[in-house]
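>>> coordinates only, no sequence provided:
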């Protein structure tokens, strides 16, 4: 199984009718206090992972691992190249991060950005432990990525009181919007800016990861099974 990577590099430009939203976001979100010290930002990241392990029992075995550099080795093989690399590896249940990636995000998005990074990757850990990955059912990883954003929002709300109205919540939303992409035909498409904004916002409002279709009873696989059962029943009813 391939690793789950959060690519925080923006790969698209928003359509003209959405430029106003970018301008508003820049004015609204551009005042975050950065986490200046590298040691502080990395400690915050690790502390957030620990908070999440305490919150969600399905994450208790998830560990943190630092990459030696771009392309460094992980439990899932060679890490991606780039300045901003972070992913959950299901083979050894470890969230791997490039230390400089945490610093870059902290300097731009402050504490909320670092906590969002940790929450998003731990959300992949919950998918691994509880529901399985939707990408095993459909070709794209987009359902997994949007669900991870929703779960991350629920975690941030439950642990730190982030809401869509709070300053920290707005900062996390700005980050989610900034990493949206339009690589629709790629298996690694993570969702466009509006989808990522909506998914994280839903989690912030719900405050419960199970309401992101991430419980053992309700998840993508169970919905597919229910749909197949309903179709079979419908076919039987239509038979003469």
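Okay, I see it. Because the structure is a prediction, the values reported are computed rather than measured. Numbers count the residues shown, from 1 in each chain.

>>> out of the helices and strands in the protein, which is least certain?
For the chain, the helix or strand with the lowest mean confidence is helix 19-29, at a mean of 36 (criterion: mean pLDDT, DSSP states H and E).

>>> any idea which helix or strand comes after that one?
Per DSSP states H and E, the first helix or strand lying C-terminal to helix 19-29 is helix 38-55.

>>> helices or strands up against that next one?
Using 3 or more CB pairs under 8 Å, 6 or more residues apart in numbering; DSSP states H and E as the contact criterion, the secondary-structure elements in contact with helix 38-55 are strand 63-66, helix 99-126, helix 142-160. Backbone N, C-alpha and C define where each C-beta goes, glycine included.

>>> got the contact list for that helix?
Contacts of helix 38-55 with the rest of the structure, by CB atoms under 8 Å, 6 or more residues apart in numbering, involve 35, 59-60, 62, 64, 95, 97, 99, 102-103, 105-107, 111, 114-115, 117-119, 122, 155, 158-159.

>>> now that helix: average pLDDT?
Within the predicted structure, the mean pLDDT of helix 38-55 is 96.

>>> tell me the buried residues in that helix?
Within helix 38-55, the residues that count as buried by 16 or more other CB atoms under 10 Å are 41, 42, 44, 45, 46, 48, 49, 51, 52, 53, 55.

>>> what's the closest of those to residue 68?
Closest approach between these and residue 68, by CB to CB: residue 42, at 14.3 Å.

>>> show me where the protein dips below the pLDDT cut-off.
Within the chain, the stretches falling below the threshold (pLDDT under 70) are 1-37, 218-240.

>>> now with 90, please.
Across the chain, residues meeting the criterion (pLDDT under 90) sit at 1-38, 69-71, 81-84, 135-139, 214-240.

>>> quick one: residues contacting the residue nearest to residue 62 when sequence neighbours are not counted.
Once its chain neighbours are removed from consideration, residue 62 has its nearest residue in residue 125; the separation is 4.4 Å (CB to CB, 6 or more residues apart in numbering). By CB under 8 Å, 6+ apart, the residues touching residue 125 are 58, 59, 62, 88, 93, 95.

>>> check contacts around the fifth one.
Residues near residue 93 by CB under 8 Å, 6+ apart: 61, 62, 63, 125, 128.

>>> now those residues: which count as buried?
62, 125, 128.

>>> what's the neighbour count on the residue nearest to the last one when sequence neighbours are not counted?
Spelled out, it's residue 128. If the residues on either side of it in the chain are set aside, residue 128 comes closest to residue 90, at 4.8 Å by CB to CB, 6+ apart. Burial of residue 90 is recorded as 18 neighbouring residues (other CB atoms under 10 Å).

>>> just residue 180 next, same as before
Residue 180: 20 neighbours (other CB under 10 Å).

>>> is it true that it touches residue 192?
Yes. Residue 180 sits in contact with residue 192 when judged by CB atoms under 8 Å, with a separation of 4.7 Å.

>>> picking up where we left off before, and which of the contacts of residue 125 is nearest residue 216?
For residue 216, the nearest member of those is residue 58. The distance, counting by CB to CB, is 9.7 Å.

>>> out of everything not next to it in sequence, what's closest to that closest one?
residue 129 (4.0 Å).

>>> next one: that neighbour from residue 141, what distance?
Spatial separation of residue 129 from residue 141 under the definition CB to CB, to the nearest Å is 18 Å.

>>> cool, and residue 190?
For residue 190, the distance to residue 141 under the criterion CB to CB works out to 7 Å.

>>> if I look at residue 90, how far off is residue 139?
The spacing between residue 90 and residue 139, counted by CB to CB, is 18 Å.

>>> check which helix or strand residue 186 maps to.
Using DSSP H and E, residue 186 is not contained in any helix or strand.

>>> got the contact list for it?
Neighbour list for residue 186: residue 140 [criterion: CB under 8 Å, 6+ apart].
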